[in-house]
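Asks: everything below, folded, please.
(one chain, ligands or ions: 1)
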Amino acid sequence: MKTILCSILALGSAIAFAGAAEAAGGGTREYKHNHWHFSGPFGQYDKEAVQRGFQVYRTVCASCHAVEQLSFRNLGEKGGPFHLDACPAGVPESTNCSSPSENPVVKALAAEYEITDGPDDTGDMFKRPGLPSDKIPGPYANAQQARAANGGALPPNLALVIKARHHGPNYVYSLLTGYEDAPISVQLGAGQHYNPYFAGDMSQLLKAEYRDEEGHPLEGVEIPQGGVLAMKSPLADGIVDYADEHVPETVDQYAKDVVEFLTWASEPKMEQRKSLGVVTMGYLLILTLILFFSYRAIWSNVEH
Ligand code: HEC
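Replies: Residues are numbered from 1 along each chain as shown. Coordinates of the predicted model:
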């Protein structure tokens, strides 16, 4: 028993020690917290924010990042940013606007893109305007081309990044709004950009005067939080024009909106999932009540 206790204690202190060591190594800054419409068991997407976020994605991020598994039609599906319950004025009556493939907003949007299709009867590839059924095209033909254009770094598929990172929405929001000048103790290389929310090891970038002969950080030198990444701050105030003039055109607002869009892109069916959850809970509650009262009814005549 004693040995077990000792080993538990030893393990506990080892874990505590490892935690302390990590804290000394910089780590990342604690993410900013935003109140997201979609969080919580009843949370839903803010449709207008998702629309604006798509605009930010398209205007700013799409030149480097794809949203790979998304098709235009997804934008018009129930819960999607351009879903319509009824047709806008001027659309022929025979159109079923709630269907993503007939939705006029989605059709017009897809047609603004040029899609490579083919081969045609003579074996050549050709270009045509996009259709709702097409995938939203990414900026590069393949990963090699993407790396070559970005100094060797691969811009990840943004439709998955929210799910792929811990606390995805708060992380991406913090990253986009968190760029800072590098601390004076570090020397950035070409194409490196400092961000306190990006995971990295800043001790590698300490200037020579902060290291001993073996290259280790001198005692008492604080290792800055965060890391360096190949993406420079993509957002700046005023770079995207919002149709609604009441919405601020700031880095903070763009970051919130694009995160709302990317979260929708990572789980377009969240709203259906949550409402199914609510229905299921309601069903179970009613079932519990029925069982409880039938139990009381059945046993009510039994003498104690
Ligand atoms: C000029 C090209 C470019 C633009 C524009 C751009 N990015 Fe990036 N982004 C990159 C590259 C390259 C990386 C990979 C960085 C690395 O690993 O060092 C990256 C990485 C990321 C990451 C991943 C960070 C991680 O944890 O790995 C996120 C999230 C991201 N970008 C979001 C965005 C958003 C949102 C926009 C639009 C507002 C945007 N990016 C615009 C090039 C770009």
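Asks: only C-alpha atoms from now on, for both contacts and neighbour counts.
Replies: Noted.
Asks: skipping adjacent residues, who's closest to residue 41 in space?
Replies: Leaving aside its sequence neighbours, residue 41 sits nearest to residue 274 (Cα to Cα, 6 or more residues apart in numbering; 6.5 Å).
Asks: ok, now how distant is that neighbour from residue 282?
Replies: 12 Å (Cα to Cα, to the nearest Å).
Asks: please apply the same query to residue 116.
Replies: 49 Å.
Asks: residue 274 and residue 282: which has the busier surroundings?
Replies: Just comparing residue 274 and residue 282: by other Cα atoms under 10 Å the higher neighbour count belongs to residue 274, 16 against 12.
Asks: can I assume that one is in contact with residue 40?
Replies: No: if you go by Cα atoms under 8 Å, residue 274 and residue 40 don't touch, sitting 9.4 Å apart.
Asks: now do the strands in the stretch 201-304 of the chain.
Replies: 227-229 (DSSP state E, counting those that start in this stretch).
Asks: what parts of it come near the ligand?
Replies: Residues of the stretch 201-304 of the chain that fall close to the ligand, judged by Cα under 6 Å from any ligand atom: 229-231, 234-235.
Asks: pLDDT, distance to residue 73 and neighbour count added to these, as CSV?
Replies: Formatted as CSV, those follow (pLDDT from 0 to 100; distance: Cα to Cα, whole Å; neighbours: other Cα atoms under 10 Å):
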residue, pLDDT, distance to residue 73, neighbour count
229, 96, 33, 16
230, 95, 32, 16
231, 96, 30, 17
234, 98, 27, 13
235, 98, 27, 18
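Asks: nearest to residue 81 among these?
Replies: Comparing these against residue 81 with Cα to Cα places residue 235 closest, at 21.8 Å.
Asks: list the contacts of that closest one.
Replies: Taking Cα atoms under 8 Å, 6 or more residues apart in numbering, we find residue 235 in contact with 60, 176, 251, 254-255.
Asks: in PyMOL, select just the buried ones from the residues you listed.
Replies: With 16 or more other Cα atoms under 10 Å as the burial test, the buried ones among these are selected in PyMOL as follows:
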select buried, resi 176+251+254+255
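Asks: same list, the contacts of residue 235, but as TSV with pLDDT please.
Replies: Listed next are those as TSV, based on pLDDT from 0 to 100:
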residue	pLDDT
60	98
176	98
251	98
254	98
255	98
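Asks: filter the contacts of residue 235 down to the ones in helices?
Replies: Among the contacts of residue 235, the members found in helices (DSSP state H) are 176, 251, 254-255.
Asks: ok, which pair from those is furthest apart?
Replies: 176 and 254 (9.1 Å).
Asks: please name the bridge partners of residue 217.
Replies: residue 211 (DSSP bridges).
Asks: residues near it, how many?
Replies: 19.
Asks: for the residue in the stretch 51-200 of the chain that the ligand sits nearest to, which non-adjacent residue is spatially closest?
Replies: Nearest to the ligand, among the residues of the stretch 51-200 of the chain, is residue 61, at 3.4 Å (Cα to the nearest ligand atom). Of all residues not flanking residue 61 in the chain, residue 234 sits nearest, at 7.4 Å (Cα to Cα, 6+ apart).
Asks: tell me which residue is most central in the protein.
Replies: residue 162 (2.9 Å; Cα atoms, centre = their mean).
Asks: any idea how far it lies from residue 290?
Replies: 42 Å.
Asks: again with residue 186
Replies: With Cα to Cα as the criterion, residue 186 and residue 290 are 67 Å apart.
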